[in-house]
Each structure stands twice: as structure tokens, then as C-alpha cells.
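# this one's sequence-less:
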């Protein structure tokens, strides 16, 4: 069984390192690309561990 975990934090200034924004916009720095890659990868399970409030 292959498990792919993704560990992420809500990008809140002062709480996490927000080095992706700038130069990227919040949308460009979003997790969507990572989550799409994990969804396409061959795995038995995928787990998202998120510290914060989920966005759309």
C-alpha cells in the first residue's frame, strides 16, 4: 500500500513563512497544483494534513 501525504499550513502572516507570496500571488502559491499531482499519482491512499481553515 502506498500512501502519499501532503502537509500544509494556511498562509497567515506572522504564523508561517509566507515566502511564496510575493513573488507569487496567493492563487499561484495555492496547493491546487500539488493536490492535482498527488491525485494523479498511483497510490492506495492520499492524506492531506492541514493546519488552518480550508479554502475553496
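Ah, there it is. Keep in mind the model is a prediction, meaning the values are calculated, not measured. Numbering: from 1, shown residues only.
# ok, the spatially most central residue of the chain - contacts?
By C-alpha atoms, centre = their mean, the chain has its centre lying nearest to residue 31, at 3.5 Å. Applying C-beta atoms under 8 Å, 6 or more residues apart in numbering, we find residue 31 in contact with 6, 8. For glycine as for every other residue, the C-beta is placed from the backbone atoms N, C-alpha and C.
# show me where the protein has its strands.
3-9, 45-51 (DSSP state E).
# surely residue 11 touches residue 27?
No. The pair residue 11 / residue 27 is not scored as a contact, 11.5 Å apart, by C-beta atoms under 8 Å.
# more neighbours: the two, which one.
Between residue 11 and residue 27, counting by other C-beta atoms under 10 Å, residue 11 is the more crowded of the two (18 against 8).
# for the more buried one, give its distance to residue 54.
As judged by C-beta to C-beta, to the nearest Å, residue 11 and residue 54 stand 13 Å apart.
# now do residue 41
To residue 54, residue 41 is 21 Å away according to C-beta to C-beta.
# neighbours of residue 39, how many?
If you count neighbours by other C-beta under 10 Å, residue 39 ends up with 10.
# report the residue spans of this structure with pLDDT below the cut-off.
Across the chain, the ranges flagged by pLDDT under 70 are 16-21, 26, 56.
# could you pull out the helices for it?
Counting by DSSP state H, one finds helices in the chain at the ranges 32-40.
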